[in-house]
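Q: Mind looking at a prediction? Sequence and model below.
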Amino acid sequence: MRILAIESTCDETAAAVVEDGTRVLSNVVATQIDLHQIYRGVVPEIASRAHIEQILPVLQSALAEAACDIASLDAIAVAQRPGLIGSLLIGVTAAKTLAWATGKPLIGVDHVHAHLYSVMLNDAPPPVFPAIGLVASGGHTAMYLIRDWLNITRIGGTIDDAVGEAYDKVAAILGLPYPGGRPIDELAAEGNPKAVHFPRSMLEPGSLNFSFSGLKTSVLYHVRGHKGRERMDAVSQVELRDVCASFQAACIDVLLKKLRRAIDRFGAASVIVGGGVSANRGLRAALPSLGLPVHVPPPAYCTDNAAMIGGLAHVLLTAGRVSELSMDAVTFSALVPSPGTPGEGRGSA
């Protein structure tokens, strides 16, 4: 079964052809980093216009790389939630048009749900359930109890910044390139993670929620002083590496402590980590300390991509979860938070 999948939730225009839910025949991503670098963040209007320009060439490239045509496909899938509404609409419109024109099934996929499923791509060993899932990226930091791929409950989320967002903001403070994840990770590998003791926000006792806003502010005060004076010109390369290492150590400590809490509370048999931050080398090196099998996607499937959309779409199609052509783009995730946890919104998983 071959599915053509589209991803346009934020600033990546992507298309892929996935066979039987795990075998990636093509995975094409047109990035917009150059367009947004000057603003040090994604500008929604620029993103949506770039999607319009890229969607057809990306789709054509995905089909060509997979050596197939529309007629040989079994379904059309698209990330229809969550994300920037203007960006979502481009991908959803393209997918609905293809489904209508060809008469093939349309499958709407939750982008966050797909980040969890990305560990299955390239015929990777499947996780043992129940599993604790963590999606960590520039837009999301949330934990999930996964009983199977169609039975997922959100058990914790960030109350302010996503961890990837904190990386981007700290990179701006330190004068590093955007996006900030890779340059901080590279400098952290050469620094002393104990040089600066930045705070680890654990919130109330037993909480599975996250907060990274205070950590970001602590880096600002350490580098520039409490009165906001500029100190970057006086920061040596040694201090810069140490600040990056100490900041990254604080982020990883919080993520691991929350994962351990969730593992103990729910008796998990494995851990799944997806999203852009799952490519972080420091985090990957620390995850085995959890003492359970840990599943992370290959780096190509950590950031936004359409292969994960096509993979999860196979599971949904097999279960008979086909969407109507009236399907809407939605800005919040369908994964339902448990009572008392932050969430983008409520819906049915």
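A: Sure thing, it's come through. Numbering: from 1, shown residues only.
Q: Would you agree residue 73 is in contact with residue 3?
A: Yes - the pair formed by residue 73 and residue 3 meets the contact definition of CB atoms under 8 Å, at 6.7 Å. Yep, even glycine has a C-beta here, placed from its N, CA and C like the rest.
Q: Skipping adjacent residues, who's closest to residue 302 in space?
A: Nearest non-adjacent residue to residue 302, counting by CB to CB, 6 or more residues apart in numbering: residue 279, 3.9 Å away.
Q: Going along the chain, name the strands of the stretch 201-349 of the chain.
A: Assigned by DSSP state E, counting those that start in this stretch, the stretch 201-349 of the chain shows strands spanning 270-274, 294-295.
Q: What strands flank the last one, and is each parallel or antiparallel?
A: For strand 294-295, the pairing partners within the sheet under DSSP bridges are strand 270-274 (parallel).
Q: send the alpha carbons of the strand it pairs with over as PDB?
A: As requested, C-alpha coordinates have been extracted for strand 270-274 and formatted as PDB (Å, rounded to 0.1, in the frame of the first residue of the first chain):
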ATOM      1  CA  SER A 270       9.600   1.800  26.500                       C
ATOM      2  CA  VAL A 271      10.200   5.400  25.600                       C
ATOM      3  CA  ILE A 272       9.500   7.200  22.300                       C
ATOM      4  CA  VAL A 273      11.100  10.600  21.600                       C
ATOM      5  CA  GLY A 274      10.300  12.600  18.400                       C
END
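Q: contacting residues around that strand?
A: Surrounding strand 270-274, the residues in contact under the criterion CB atoms under 8 Å, 6 or more residues apart in numbering are 115-119, 127-129, 131-136, 146, 259, 263, 283, 287, 290, 292-297, 302, 308.
Q: ok now that strand, how far from the chain's centre?
A: Chain-centre distance of strand 270-274: 12 Å, with CA atoms, centre = their mean, to the nearest Å.
Q: In that strand, which residues are buried?
A: 270, 271, 272, 273, 274 (16 or more other CB atoms under 10 Å).
Q: still on that earlier bit, would you mind telling me which of residue 73 and residue 3 has more residues around it?
A: Using other CB atoms under 10 Å, the more surrounded residue of residue 73 and residue 3 is residue 3, with 29 against 20.
Q: Can you classify that one by secondary structure?
A: Following DSSP: H, G, I helix; E, B strand; the rest coil, residue 3 is assigned to strand.
Q: pretty sure residue 307 is touching residue 4, no?
A: No - at 11.2 Å, residue 307 and residue 4 do not qualify as touching, with contact defined as CB under 8 Å.
Q: overlap in contacts of these two?
A: Listed as contacting both residue 307 and residue 4 by CB under 8 Å, 6+ apart are residue 16.
Q: which stretches of the stretch 51-200 of the chain form helices?
A: When secondary structure is read from DSSP state H, counting those that start in this stretch, the stretch 51-200 of the chain shows helices at 85-102, 111-117, 163-174, 181-188.
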